[in-house]
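A.B. asks: Next comes the sequence, and after it the predicted model I'd like to discuss.
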Amino acid sequence: MCSMKVVVCVKQIPDPAGNLRLDQASHNLVREGKLILDESDSYGVEMGLQLAEQAGGGEVTLVSMAPNSETSGLRTALAMGAANAILVSDPALGGTDALGTAKILAAAIKRAEPDLILAATESSDGYTGTVPVQVAELLGLPSVTFSKKVTVAGDKVIVERQTELGYDEVEVGLPALVTVTAGVVEPRYPSFKGIMAAKSKPVEELSVADLGLDTSEVGTAGSRQQVVSVVPAEARSAGEIVTDDGEGFQHILAYLERIKVI
Amino acid sequence: MTLNVIWVVVDRTGDKVATVSLELLSKARQLATTVEAVTWGDPSQIAEVVGAHGAQTMHSVGDLGGGLPGPAVGAAIADQVRSGSSPDAIFIPQTYNGRDIAGRLSARLDRPVLTNIVDVEESGSGLITEHAIFGGTEVLRASFTAAGPGLFVIRAKSFAAEPGTDGAATTDNWNVPDLASTGAAKIISSHVEESEGPKLDEAPVVVSGGRGLGDAASYQLIENVAKLLKGAAGASRAIVDAGWVPYSHQVGQTGKTVKPTVYIACGISGATQHMVGMKNSKNIIAINKDQEAPIFSIADLGIVGDVKKVLPQLIEALEKRN
Ligand SMILES: Cc1cc2nc3c(=O)[nH]c(=O)nc-3n(C[C@H](O)[C@H](O)[C@H](O)COP(=O)(O)OP(=O)(O)OC[C@H]3O[C@@H](n4cnc5c(N)ncnc54)[C@H](O)[C@@H]3O)c2cc1C
Ligand SMILES: Nc1ncnc2c1ncn2[C@@H]1O[C@H](COP(=O)(O)O)[C@@H](O)[C@H]1O
């Protein structure tokens, strides 16, 4: 393949280092303030850029669904080198579940006509881990999940897919969807030039209606599951803490003896 | 029992059934009058163990011809549901293949799916699920709101696998509809990463290392302690991502869930995603040089110290005892 069009799904999420919390009434994750590029997706962005380079040309288009026309996370990925982005943002999308998200992403991805779609195996905030495969099914495409290595060979990709015992080598013709695990590649840091260039890269913003979807399929209306309650877990209380003064290992030995492990 | 029929997806590698599937079968047996298993490949190889754990019947979609289980199993189940033989619930193990099957099935049936389930309980005519969120500090309970079978994707170690005295499950075959290009991915070779000693998710003792080890070579300390205690060696994601150890060692949200008699965390901070995978261990021992490390909040014994000092001393003492 001499030119490859890659779509990378990128989720923009509240900073995990901040205080994550659920809204008291809706039980949805509070997504106010600036969102950032999910670190899990930075691997997909890097992988997409590398594969487009290896294919000898092509470009990376980002696809994201996020509230309030959020683009901060997209700008980070554009600064890494993605060419452009499609953002779906619509007040009707609050409370959308995994399948609803997949419907939105699938419709947006279709517009880009990609050869390859990349996503993370799971997002850092929702971690349902089902959105990418749902997208593949909705688009009628094959998928390979949990990949730790991806190589392009002509109009196919060869993927090393994690298994319980090691990995399988899986071959799939394009177009296809592949999910990548963390650590597969080393995401590049955006350069100063990249950051400046990202400011003027095109971000196409679409509403649910623009995608030809009905708002009843998405948002809280389309989500056929509900949170019943959120309660503190039974806390596991801390035990004995000792500072090692050269004899710390003795405490471990004594403990292991007490529970009859040794 | 509130439910009539539960289908349980049985994930397998050849004649080896994934333990989590046996856990789900055992739970399904408590909840429903009829439990049926769905698998792929030759069903007769595993009919006995699947029957003993509660399934009266096992349906197989047959040989996958090198294809991945997701599309074939997802499509076959969807066809059965649509043709009217719908169960009340479908239990799917949260494994690599299980998640693929759930995603495919959900989109085909246009049904939502709940994942990361750690418990289910009966409520009225349906089921309520439990999910550990924010690293297990809070429990979220959820349910489906529309008609049709719920798709429940359940984490390993949520229930005990309890074989009964029932005989082998009777087996039959389910048709796979034309998958068109959704079934186009083919496995061309399988690679097994050898590991010594007991399996991580079954070992009574798990010794895990994290970034606090400082470098890849120091992971040897973890392996030595694990070996001396006849246990398995685990890892945090930080050192898996760094390439120090293979992914198969990872404990946590995206790795294995372990529930050993004792878990020894060495140089691991105790990030929420790590704790989800080990906080139900019977005993937890942690060694960390930072006394503020979150792992200490769940440790039964915490040693504030340097792993590079404590572990060699522990190894020496254990060697002397042997
Ligand atoms: C979607 C998602 C999924 C994830 N899934 C997982 C998962 O499955 N499993 C997982 O583990 N993580 C997972 N993580 C990553 C997790 O958030 C943490 O980054 C990771 O667990 C940190 O690993 P660590 O404790 O080894 O490293 P660090 O957090 O860097 O901690 C190192 C610790 O070592 C201590 N230390 C340093 N030197 C010494 C010394 N000489 N002696 C003793 N102690 C020392 C430090 O005080 C520190 O507490 C996930 C993250 C995301 C976003
Ligand atoms: N709102 C979204 N926008 C873009 N990509 C998404 C979105 N939600 C999920 N994804 C993609 O699907 C992956 C898995 O998400 P999840 O199924 O929520 O764990 C994410 O890491 C993204 O690559």
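C.D. replies: Everything's here; your move. Ligands and ions are numbered 1, 2, ... in the order given.
A.B. asks: In chain B, which strand is the longest?
C.D. replies: Counting residues, the longest strand found in chain B (DSSP state E) is strand B:113-123.
A.B. asks: Which residue, other than its chain neighbours, is closest to the one residue in the stretch 1-150 of chain A that gets nearest to chain B?
C.D. replies: At 2.7 Å from chain B, A:Val133 is the closest residue in the stretch 1-150 of chain A, using C-beta to the nearest C-beta. (Glycine included, C-beta is placed from N, CA and C.) In this structure, A:Val133 finds its nearest non-sequential neighbour in B:Gly103, 2.7 Å apart by C-beta to C-beta, 6 or more residues apart in numbering or on different chains.
A.B. asks: what's the helix or strand for the one you found?
C.D. replies: For B:Gly103, the host element (DSSP states H and E) is helix B:96-109.
A.B. asks: can I get the CA coordinates of that helix in PDB?
C.D. replies: Taking C-alpha atoms only, helix B:96-109 is exported to PDB below (Å, rounded to 0.1, in the frame of the first residue of the first chain):
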ATOM      1  CA  TYR B  96      -9.800 -11.400  25.500                       C
ATOM      2  CA  ASN B  97     -12.200 -13.500  23.500                       C
ATOM      3  CA  GLY B  98     -15.100 -12.800  25.900                       C
ATOM      4  CA  ARG B  99     -14.900  -9.100  25.300                       C
ATOM      5  CA  ASP B 100     -14.800  -9.500  21.500                       C
ATOM      6  CA  ILE B 101     -17.900 -11.800  21.700                       C
ATOM      7  CA  ALA B 102     -19.700  -9.200  23.900                       C
ATOM      8  CA  GLY B 103     -19.000  -6.300  21.500                       C
ATOM      9  CA  ARG B 104     -20.000  -8.200  18.400                       C
ATOM     10  CA  LEU B 105     -23.200  -9.600  20.000                       C
ATOM     11  CA  SER B 106     -24.200  -6.300  21.500                       C
ATOM     12  CA  ALA B 107     -24.000  -4.500  18.200                       C
ATOM     13  CA  ARG B 108     -25.700  -7.300  16.300                       C
ATOM     14  CA  LEU B 109     -28.600  -7.500  18.700                       C
END
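A.B. asks: for it, packing partners?
C.D. replies: The contact analysis (3 or more C-beta pairs under 8 Å, 6 or more residues apart in numbering or on different chains; DSSP states H and E) places helix B:96-109 against helix A:98-112, helix A:131-139, strand A:143-153, helix B:69-82, strand B:89-93, strand B:113-123, strand B:150-154.
A.B. asks: wait, which of those is closest to B:Asp166?
C.D. replies: B:Asp166 lies closest to strand B:89-93 among those, at 17.8 Å (C-beta to C-beta).
A.B. asks: What lies in contact with the closest one?
C.D. replies: Applying C-beta atoms under 8 Å, 6 or more residues apart in numbering or on different chains, the contact partners of strand B:89-93 are B:3, B:6-9, B:11, B:18, B:20-21, B:23-24, B:27-28, B:31-32, B:77, B:98-99, B:101-102, B:105, B:127, B:149-154, B:156.
A.B. asks: ok, now stretch A:121-132?
C.D. replies: A:9, A:11, A:13-14, A:16, A:20, A:29, A:38-41, A:98-99, A:101-102, A:105, A:117, A:119-120, A:143, A:145-146, A:177, A:179-181, B:99, B:102-103, B:106, B:113, B:115-116, B:153, B:253-254.
A.B. asks: Start and end of stretch B:246-257, how far apart?
C.D. replies: With C-alpha to C-alpha, to the nearest Å applied, stretch B:246-257 spans 16 Å between its terminal residues.
A.B. asks: before we move on, what about stretch B:290-299?
C.D. replies: End-to-end for stretch B:290-299, by C-alpha to C-alpha: 14 Å.
A.B. asks: and the contacts of stretch A:121-132, which are buried?
C.D. replies: A:9, A:11, A:13-14, A:20, A:38, A:40-41, A:98-99, A:101-102, A:105, A:117, A:119-120, A:143, A:145-146, A:177, A:179-181, B:99, B:102-103, B:106, B:113, B:115-116, B:153, B:253-254 (16 or more other C-beta atoms under 10 Å in any protein chain shown).
A.B. asks: can I get the CA coordinates of the helix or strand bottoming out on mean pLDDT in chain A in CSV?
C.D. replies: Taking mean pLDDT, DSSP states H and E as the measure, chain A has helix A:219-222 as its least confident helix or strand, at a mean of 87. Extracted C-alpha coordinates of helix A:219-222, given in CSV (Å, rounded to 0.1, in the frame of the first residue of the first chain):
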residue,chain,number,x,y,z
GLY,A,219,-27.7,10.0,25.3
THR,A,220,-29.6,9.0,28.4
ALA,A,221,-32.6,8.2,26.2
GLY,A,222,-30.8,5.6,24.2
